[in-house]
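**Q** build the 3D model from these lines:
(one chain, ligands or ions: 1)
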Amino acid sequence: MVALLFLLGLVIGSFLNVVISRVPEGRSIWRPRSACVGCGTSIAWHDNIPLVSFVMLRGRCRACGMAISWQYPIVEVATGALFVLAYLALGPTPNFVVAVVLLAMLVAITAIDLARQIIPDVITLPGIIVGVTANLATGRVTWLESLLGVAVGGGIFLVIILASGGGMGGGDMKLGAMLGAFLGWKIALLALFLAVLTGGVVALGLLMFRRRGRKDAIPFGPFLALGGAVTLLWGESLLRWYLERFLV
Ligand SMILES: [Zn+2]
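**A** So this is what the prediction gives:
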């Protein structure tokens, strides 16, 4: 089952690579078929097998020899690994199906934000609806907690945007709202906390090693996605652990 889910994750990851490359440019994800960005040669099906083809071709286009971006195998393996983790955390449940949908969206958002510093509305806005609807179906989070999650997850960023005069983007706000829809307001707050924590540590590390100046923006979407993924799978246990340890 685990091996099967990893393979499924590789295939979905391969589809996400198309989403990541095309959606920010407003191109169709259905056609034309994938082509080399260097020479424009269409990629044959046998050169388009997730992970396997990248290894067989040693990361180069068969026609022109141009290096294929590491984004492709990384996204595929990450998606496969996340699908397995979701199964181990949630088991064969409706919650697992919802988790896989959210994780796929978070992988795409992370890669797009890292590459272009944007978080596309075409993912987050439908994501808010999907999150609320999924919780109505599974009952994992009540409809009220889900809607409060949208308000809290988006609202915190709205306050930051208004207070800082644009230190944070509208894309982060919509992603916060989407996480709130899926996770409910309590777990979403935990996700935000983890995002701020990991984002802060990484920003500090980059500053200390002078990889980034004080003025360079570091995209926050990947940290939100990380916090969202961790709390999606282990949020309730984390919350219980924290409350037992520090509040009792
Ligand atoms: Zn080529």
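
**Q** residue contacts, the residue positioned nearest the centre of the chain?
**A** Among the residues of the chain, Leu106 comes closest to the average C-alpha position under Cα atoms, centre = their mean, at 1.5 Å. Shown in contact with Leu106 (Cβ atoms under 8 Å, 6 or more residues apart in numbering): 225, 228-229. All C-beta spots, glycine's among them, are computed from the backbone N, C-alpha and C.

**Q** now Arg22
**A** So Arg22 contacts 28-29 (Cβ under 8 Å, 6+ apart).

**Q** what do you get if the cut-off is 6 Å, keeping everything else the same?
**A** Shown in contact with Arg22 (Cβ atoms under 6 Å, 6 or more residues apart in numbering): Ile29.

**Q** you'd agree it is in a helix?
**A** Yes. Counting by DSSP: H, G, I helix; E, B strand; the rest coil, one finds Arg22 located in a helix.

**Q** do you know the pLDDT at it?
**A** Confidence at Arg22, expressed as pLDDT, is 94.

**Q** same question, the one 5 residues further on
**A** Residue-level confidence at Arg27 comes out at 92, pLDDT.

**Q** which SSE is it in?
**A** Assigned by DSSP states H and E, Arg27 belongs to no helix or strand.

**Q** count the neighbours of it for me.
**A** Neighbours of Arg27 under the rule other Cβ atoms under 10 Å: 12.

**Q** and what of the one 10 residues further on?
**A** By the other Cβ under 10 Å criterion, the neighbourhood of Val37 contains 11 residues.

**Q** can you tell me the SS state at it?
**A** Val37 - assigned by three-state DSSP - is coil.

**Q** contacting residues for it?
**A** Counted by Cβ under 6 Å, 6+ apart, Val37 has zero contacts.

**Q** what stretches of this protein score poorly on pLDDT?
**A** Applying pLDDT under 70 to the chain flags residues 166-167, 211-216, 248.

**Q** repeat that with 50
**A** Counting by pLDDT under 50, not a single residue of the chain qualifies.

**Q** and the lengthiest helix in it, what other elements does it pack with?
**A** Using DSSP state H, we find that the single longest helix of the chain is helix 170-208. When contacts are defined as 3 or more Cβ pairs under 6 Å, 6 or more residues apart in numbering; DSSP states H and E, helix 170-208 packs onto helix 121-138, helix 143-164, helix 221-246.

**Q** how about these in a markdown table, adding mean neighbour count and distance to Ala115?
**A** Output for the helices and strands packed on helix 170-208, formatted as a markdown table (neighbours: other Cβ atoms under 10 Å; distance: least, Cβ to Cβ, whole Å):
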| stretch | mean neighbour count | distance to Ala115 |
| --- | --- | --- |
| helix 121-138 | 17 | 14 |
| helix 143-164 | 18 | 21 |
| helix 221-246 | 18 | 11 |
